[in-house]
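Student: My questions are about this predicted structure, shown below with the sequence.
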Amino acid sequence: MIVKQLSVFLENKTGRLNDVADILGKNGINMTAFSVADNSDFGILRVIVSDPEKALTVLKENKFAVSLTDVICLHTPNTPGSLSSILHILQRENVYIEYMYAFAEGEGANVIIRPDKMETGIEALKNNKIELIAANDLYRF
Amino acid sequence: MSREEMRKLQGIRLKRVVERVYHNCEPYRKRMQEAGVSPDDIRSIDDIVKLPFTSKQDLRDYYPFGLLSSPMSEIVRVHASSGTTGKPIIVGLTRNDLAVWKEAGARCLTAYGLGKNDIVQVSYGYGLFTGGLGAHAAVENIGGTVIPMSSGNTQKQIMMMHDLGVKALAATPSYALYLAEAIANSEYPREEFQLKVGIFGAEPWTEGMRRDIEGKLGIKAYDIYGLTEVMGPGVGFECECQNGTHLNEDHFFPEVINSETGEPVAPGEQGELVFSTLTKEGMPLLRFRTRDLTHLIYEKCECGRTLVRMDKILGRCDDMLIIRGVNVYPSQIESVICTMEEVEPHFFITVDRVNNIDTFEIQVEVKEGYYSDEMGKMIALKKKVAHEIQCVVGLQPDIKLVEPRFLQRSEGKAKRVLDKRVFKND
């Protein structure tokens, strides 16, 4: 149930994000979802890709500060209140969310969450019949 | 005083100070023995070239009290300046040293036209830094009224300056410029200020900055020169001619040498400034190498003073930076960075002056394995590096985290500093 997310440290300067996208593209690696957290001098790109291990290797070869981070991805109906019910579940178990991002399409939405307590988070979501997406399925999106 | 009389006095005092250090300070005695020179060899000021040099490194090696030439029972005050790495340089002053210092300071203030009827606001930092207490004692010595503001709290500085009718301001020139702009934006009209004189030092400044400050504050801005190791503010001063800094050479004897060979340069030629203290008791220094580059002017000044003048400091022959009046050595930064496991031992310092305040930015590379994809952790790391550096340097840098291998590596001496400020006289 654990998904490998690629985390890339990026300096805040023109073209840096495109450098990553370009390298991934040339190596035939697809991006399924991503988000960028930033402050005034640097940003952190978090991205779900089709082949995390390969992406890690090629970015390292290109001198990027890059690592793999465990996250979970869940599927939820694209309806009012559905995110709230998921957050309630995690809150009850005292699972803290380091960060999250989501992408919705049509009837459903996929939410990627980085919880502080991975096992507890997965357990709680499963017990509440929340649909978790397996890593291999997600990479194929 | 004629040059001949001055040299005679300097010779007598030099002999006395050499005897003092030879008999009371072991490192100096050893150094002199190694150089094959004894106090008997010093018969006039010309014999000073026989004496070995003292460097900032020596002051660090004998930290904290190894270079004292007086017993601790005679030391009444210490000051400190930043060393080249972790430890500061400590100087010890006797009661008589303080008397000489405030006398030297009084000469400066008198040259600026100040006297017992004048109120002087001292906005140099008070503490280990010599600026605050040095200027303070000088004002009291001429019988003026001192307002011991210390640095910071600009709004209160302006209020006091306005309400109390301050005639002179002692501060770093960059702080003076900052104050000038704060005054322009304040509720107080400039014509209500009594300010006429600026007593500015502790950092290099240009003729352009002088014109700027004089214009904005409507004052005469004078240089005051000093360095902690030698004494603090009062080693030299500008007179009304503003044409070179007169040195109190009866107490602080200047030489200019070729910084590579150590040989004296021809009179008037540029080189490294070297000071010997002629009257100090606590920690006299013989031929202390300042690493400041300048040249000396022996012609009599139009003001009538015969004291030798030095030109503006034209640069440094080492890599010391003066940022907001604080001495900063890249080696200090290195000593911090190298002990932190989260960052690579590479860094790049950028110094600039924005709105008259020095900016101090250091780029560091985070070590692989310490990158986090959580913003909070990265910001905490930035703060940690800034704090560790502040503990050593005394100044908080703006830390910029950069990608690994972003910073230049080189086999020899890597370029680690970019100083965008312009100090050349324009």
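Tutor: Right, received. Where do you want to start?

Student: Provide the secondary structure category for the residue of chain A found nearest chain B.
Tutor: For chain A, the residue positioned closest to chain B under Cβ to the nearest Cβ is A:S7, at a distance of 3.3 Å. C-betas here are computed from N, CA, C, even on glycine. With DSSP: H, G, I helix; E, B strand; the rest coil as the basis, A:S7 sits in strand.

Student: helices and strands around the host helix or strand of A:V66, which ones?
Tutor: Using DSSP states H and E, A:V66 sits in strand A:65-77. Under the contact criterion of 3 or more Cβ pairs under 8 Å, 6 or more residues apart in numbering or on different chains; DSSP states H and E, strand A:65-77 touches strand A:2-11, strand A:42-49, helix A:52-61, helix A:82-92, strand A:108-115, helix A:118-127, strand A:131-132.

Student: what about the following helix or strand past the longest one and chain B, touching?
Tutor: Just to be clear, that refers to helix A:82-92. Using DSSP H and E, the helix or strand that follows helix A:82-92 towards the C-terminus is strand A:97-105. Yes. Strand A:97-105 reaches chain B (Cβ under 8 Å from any Cβ of the partner chain) through A:E98, A:Y99.

Student: So which bits of strand A:97-105 are buried?
Tutor: A:E98, A:Y99, A:M100, A:Y101, A:A102, A:F103 (16 or more other Cβ atoms under 10 Å in any protein chain shown).

Student: who touches the last one in this structure?
Tutor: Applying Cβ atoms under 8 Å, 6 or more residues apart in numbering or on different chains, we find A:F103 in contact with A:A33, A:A109, A:N110.

Student: give me that answer again for 10 Å
Tutor: Applying Cβ atoms under 10 Å, 6 or more residues apart in numbering or on different chains, we find A:F103 in contact with A:T32, A:A33, A:F34, A:S35, A:I48, A:C73, A:A109, A:N110, A:V111, A:I112, A:F141.

Student: What of the second one?
Tutor: Taking Cβ under 10 Å, 6+ apart, we find A:Y99 in contact with A:35, A:37, A:44, A:46, A:69, A:71, A:112-115, B:373-376.

Student: so the residue of chain A closest to chain B sits right up against A:R46, yeah?
Tutor: Yes. Between A:S7 and A:R46 a contact is recorded at 5.4 Å, counting by Cβ atoms under 10 Å.

Student: Overlap of the contact sets of the two?
Tutor: A:A37, A:T69, A:V71, A:R114, B:D373, B:E374.

Student: Mind listing what's buried along stretch B:131-142?
Tutor: Quick answer for stretch B:131-142 (16+ other Cβ under 10 Å): B:G131, B:G132, B:L133, B:G134, B:A135, B:H136, B:A137, B:A138, B:V139, B:N141, B:I142.

Student: Using CSV, lay out those residues together with pLDDT, distance to B:C338 and secondary structure.
Tutor: Below are the buried residues of stretch B:131-142 laid out as CSV (pLDDT from 0 to 100; distance: Cβ to Cβ, whole Å; DSSP: H, G, I helix; E, B strand; the rest coil):
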residue, pLDDT, distance to B:C338, secondary structure
B:G131, 94, 31, helix
B:G132, 96, 33, helix
B:L133, 97, 34, helix
B:G134, 97, 34, helix
B:A135, 97, 37, helix
B:H136, 98, 39, helix
B:A137, 98, 40, helix
B:A138, 98, 41, helix
B:V139, 98, 43, helix
B:N141, 98, 45, helix
B:I142, 98, 48, coil
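
Student: Indicate the residue of chain B located nearest to chain A.
Tutor: Per Cβ to the nearest Cβ, B:D373 is where chain B lies closest to chain A, at 3.3 Å.

Student: so what's that residue up against?
Tutor: Applying Cβ under 10 Å, 6+ apart, the residues contacting B:D373 are A:5-9, A:37, A:44-46, A:66-69, A:71, A:98-99, A:114.

Student: Filter those down to just the buried residues.
Tutor: Neighbour-count burial (16+ other Cβ under 10 Å) applied to these gives A:5-9, A:37, A:44-46, A:66-67, A:69, A:71, A:98-99, A:114.

Student: Tell me which two of those sit farthest apart.
Tutor: A:V66 and A:E98 (17.9 Å; Cβ to Cβ).

Student: how about the biggest strand by length in chain B, does it reach chain A?
Tutor: Scanning chain B for the strand with the most residues, using DSSP state E, yields strand B:343-354. No. Strand B:343-354 stays clear of chain A (Cβ under 10 Å from any Cβ of the partner chain), getting no nearer than 10.9 Å.
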